[in-house]
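> Sequence plus predicted model, see below.
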Amino acid sequence: MTVLSKLKIFATYPHECSYLDDQEATTLFVDPTAQIDGSAYARLSELGFRRSGTHLYRPHCKQCKACVPARIPVALFEPNRRQRRILKRNADLSVEYPDTIGAAEYFKLYERYISARHQDGDMYPPTREQYDSFLNCEWQSTRFAVFRLESKVLAVSVLDEMENGLSAVYTFFDPDETKRSLGAFAILWQIEYAQQLHLPALYLGYWIKECAKMSYKTEYRPIELYVNDDWVLLN
C-alpha cells in the first residue's frame, strides 16, 4: 500500500478564482485531520500539491487548466545576465536562519508587503492570526531565511525542506527596495541553497501564463511544468 493510499481527498464547491477574472475555481485538499509525514508531503508535491499552513491543496477546475505546477531542476540551472546582475546587486545582504519568524519586525515587514503589493488578494488586509497560520506548520521541516542590510530586515523567505527538494512556500520583502529586485533575488538564492543541500529541485508553486503576478516563474530556465500528470522540461 502506497504512502498516499490511505489519504482522503476532498473538493471545494466552485468559488471565485483569485487569479483570473470571470473564472470559477475548484480546489482539491487533503483531509486536514490526516497525519502527514515527510514522505507523504514529498509525494504530494510531485503530484502538484502545495502547502498553506497545515493544509495541502491543488487546483482542480473543471473548465480551466491555467494553474500549472512548476519546479526548477537546480543542477541544470544557470543564471542569465539579468539574474547575475541581481545576485551582484544584493551581495551586500547577510542571511540568517532563525527558528521562528514570530518577532514583530518580521510581521511588520509582511504587513507592509501585503498592503503595498497584494491589496487585491485574499491575504489583504494582513492580520497576525493569518500570518501565523499561513506560514507555520508543525509537521513539516520549515526553514526561515532572513536577509538583512546591516540590522534592517529586507526580505524573509519561508521554505519547506523535503526529501525531493525545497518548496518555496512564500517570500515577502521591503516594497520600497524596488531596485534590488528582492523577489527575483530570493528565488536565485533558494536555487543556490537547494544546490548546497544536494536537493534536486525548487518547487515554485503554480505558474499561470495569463496572470502577471505568476508569469515571472518561467524566467528561470530550465524549468519543469506538471502537464497531463507528468513533469515536462522546458529549456
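Now that the structure is in, tell me what you want to look at.
> only C-alpha atoms for contact and neighbour calcs from this point on.
OK.
> Please, where are all the strands along this protein?
Assigned by DSSP state E, the strands in the chain fall at 9-11, 15-16, 24-25, 27-30, 50-52, 55-59, 68-73, 94-96, 142-149, 152-162, 165-173, 201-207, 223-227, 230-234.
> Where in this protein is the helix or strand with the lowest mean pLDDT?
Here the helix or strand of the chain ranked lowest by mean pLDDT, DSSP states H and E is helix 212-215, holding a mean of 83.
> What are the contacting residues of that one?
With contact meaning CA atoms under 8 Å, 6 or more residues apart in numbering, helix 212-215 is reached by 206-209.
> domains of the chain?
Following the assignment in automatic domain parsing, the chain carries domains at 9-67, 69-234.
> With mean neighbour count as added columns, please give these in JSON lines.
Shown next, in JSON lines, are the domains of the chain (neighbours: other CA atoms under 10 Å):
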{"stretch": "domain 9-67", "mean neighbour count": "16"}
{"stretch": "domain 69-234", "mean neighbour count": "17"}
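> on that earlier part again, which stretch in the strands of the chain is the model least sure about?
Least confident of these, judged by mean pLDDT, is strand 15-16 with a mean of 89.
> May I have the strands that pair with that one, each with its orientation?
strand 24-25 (antiparallel) (DSSP bridges).
> got the end-to-end distance for stretch 44-60?
One end of stretch 44-60 to the other measures 14 Å (CA to CA, to the nearest Å).
> where's it relative to the chain centroid, distance-wise?
11 Å (CA atoms, centre = their mean, to the nearest Å).
> swap in stretch 217-224?
Taking mean C-alpha positions (CA atoms, centre = their mean), stretch 217-224 and its chain are 14 Å apart.
> Over to stretch 177-195?
13 Å.
> which outside residues touch it?
72, 74-75, 79, 83, 86-87, 89-90, 154-155, 157, 165-166, 168, 171-173, 200-202.
> Try it again at 7 Å.
74-75, 86-87, 89-90, 165-166, 173, 201-202 (CA atoms under 7 Å, 6 or more residues apart in numbering).
> tell me the mean pLDDT over it?
On average, stretch 177-195 scores 98.
> And the spatially closest residue to Thr54 that is not a sequence neighbour, how close does it get to Gly165?
Excluding its sequence neighbours, the residue lying closest to Thr54 (CA to CA, 6 or more residues apart in numbering) is Cys137, at 5.4 Å. Noted for Cys137: a distance of 17 Å to Gly165, by CA to CA.
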